[in-house]
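>>> Please work out how this folds:
(2 chains)
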Amino acid sequence: MRTAIMTILVGMGCGGVGFYVGHHGPSAELRSAHAAVSPVEPAPAASAQAPGVCVASVDRQVLREELARALGGGAGADTPAAAPVPAKQPPPPTPAQAAAFDDARQGVDGALARGSLTSEQADDLRARLMKVDPESHYQLVTELVVALNHGKLKVENGDMIF
Amino acid sequence: MPKSKWKSKWKLVMVVTGVVLMAAGAARAGYKLQTGQVRMSRNDVDYSGFASGTLSNARSSSDSNQRIYCYTYPTFGACVAFPSTLTSGISCSTQDAGMLAVMRSVNGDSSVFFQADTQGNCVNVVVYNDSANMPKLN
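Numbering: from 1, shown residues only, chains lettered A, B, ... in the order given. Predicted structure coming up:
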């Protein structure tokens, strides 16, 4: 008899709380916790009219973790943070770009090995360098600049416009 | 010689002399730099260095070695100098937007100064567009 009365009272309590929550929506804490967990996804309209949930039936540990995560600290905050977004990598060179770079690289290596550039060789090297991407072009020109400054490259007619 | 004829001749001489002097004065007006040869200095230990020169002076120099110029692409540029006494030269390259803008301001009457570090990077580029520079005629 006593057990039956207790069961009825607990049932009425749960029902009452469920009715209240169902009409007034989830608590501010639960809403902020939910917003913090999924800030991008808009809450479905139905969630505002969520059916009553017996708070007593919610696992306290889960609730505590949700709140801690929403507030940015506590036991729930030790979950691993989202991985940092990797820097945007340039797209890999196309076969044509790679071939153009190899060709220009060969031209620069040849000039550095000879230690000299005639006007014709400079014209040829210029044509090769014009086909590579700007960053590689700059790197290769800088190699020629360093060689000139080190006295390892003699340039006919001072033609160093690459 | 009659006095009137002598007077008119004297007047003519005076007028011609005046015109010549005025023309000479006009041609000499304004400050003019007489130097602008391409010069360079290089550290033979770390190969850093600098160069300077006026484009017009380099072009009109009697030797066939002097040359100084800058060239630019959208993303990088370089300045190069070859003085008269050396067959080798000095150069620097850069991707710095400010230095690229300076390089792009070079014209035929400019004087250019640039400085290269040990890796051939430009650490300084200066352009003087000065009325005292000799104009580049051809």
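
>>> What separation is there between the nearest residue to A:D133 once chain neighbours are set aside and B:G108?
Computed as Cβ to Cβ, 6 or more residues apart in numbering or on different chains, the closest residue to A:D133 that is not its neighbour in sequence is A:Q97, at 6.1 Å. C-beta coordinates here come from the backbone N, C-alpha and C atoms, glycine included. Going from A:Q97 to B:G108 by Cβ to Cβ, to the nearest Å gives 36 Å.

>>> Could you pick out the residues of chain B near chain A for me?
B:42, B:47-49, B:65, B:67, B:69, B:71, B:73-76, B:78, B:80, B:82, B:87-93, B:95, B:116, B:119-121 (Cβ under 8 Å from any Cβ of the partner chain).

>>> Of those, which belong to strands?
Among the residues of chain B next to chain A, DSSP state E puts B:42, B:49, B:67, B:69, B:71, B:78, B:80, B:82, B:90-93, B:116 in strands.

>>> quick one: low-confidence parts of the chain?
Picking chain A for this. Along chain A, segments meeting pLDDT under 70 span A:1-84.

>>> ah, no, chain B please
B:1-4, B:6, B:17-28, B:86-87.

>>> Just the helices from it, written as ranges.
B:3-28, B:55-60, B:97-104 (DSSP state H).

>>> still on that earlier bit, please indicate which of the residues of chain B next to chain A are buried?
Among the residues of chain B next to chain A, those buried by neighbour count (16 or more other Cβ atoms under 10 Å in any protein chain shown) are B:42, B:47-49, B:65, B:67, B:69, B:71, B:76, B:78, B:80, B:82, B:88-93, B:95, B:116, B:120-121.

>>> Quick check: chain neighbours aside, which residue is closest to B:M103?
Closest residue in space to B:M103, ignoring its immediate chain neighbours: B:C70 at 4.1 Å, by Cβ to Cβ, 6+ apart.

>>> er, B:L100 actually
Closest residue in space to B:L100, ignoring its immediate chain neighbours: B:G77 at 4.9 Å, by Cβ to Cβ, 6+ apart.

>>> thought the one you found was touching B:M99?
Yes. With contacts counted by Cβ atoms under 8 Å, B:G77 reaches B:M99, the gap being 7.2 Å.

>>> Which residue, other than its chain neighbours, is closest to the spatially most central residue of chain B?
The centroid of chain B falls nearest to B:T54 when counting by Cα atoms, centre = their mean (2.3 Å). Using Cβ to Cβ, 6+ apart and skipping residues adjacent in sequence, the residue nearest B:T54 is B:G36, 2.8 Å away.

>>> Look up phi and psi at A:A111.
With angles defined as degrees, to the nearest 10, A:A111 sits at phi -60, psi -40.

>>> Please report the number of neighbouring residues for it.
Look at A:A111: counted by other Cβ atoms under 10 Å in any protein chain shown, it has 23 neighbours.

>>> Number of residues surrounding the closest residue to it other than its chain neighbours?
Once flanking residues are discounted, A:A111 sits nearest to A:L117: 5.2 Å by Cβ to Cβ, 6+ apart. Using other Cβ under 10 Å, A:L117 has 26 neighbouring residues.

>>> for A:Q89, same thing?
Neighbourhood size, A:Q89 [other Cβ under 10 Å]: 6.

>>> and it, what helix or strand is that in?
Using DSSP states H and E, A:Q89 falls within no helix or strand.

>>> so who does B:S61 touch?
By Cβ atoms under 8 Å, 6 or more residues apart in numbering or on different chains, B:S61 lies in contact with B:37-38, B:84.

>>> what's the spacing between it and B:G53?
In this view, B:S61 and B:G53 are 9 Å apart by Cβ to Cβ.

>>> overlap in contacts of those two?
When contacts are counted by Cβ under 8 Å, 6+ apart, the set common to B:S61 and B:G53 consists of B:37-38.

>>> and A:K154, what does it touch?
Here A:K154 is in contact with A:115-117, B:87-88 (Cβ under 8 Å, 6+ apart).
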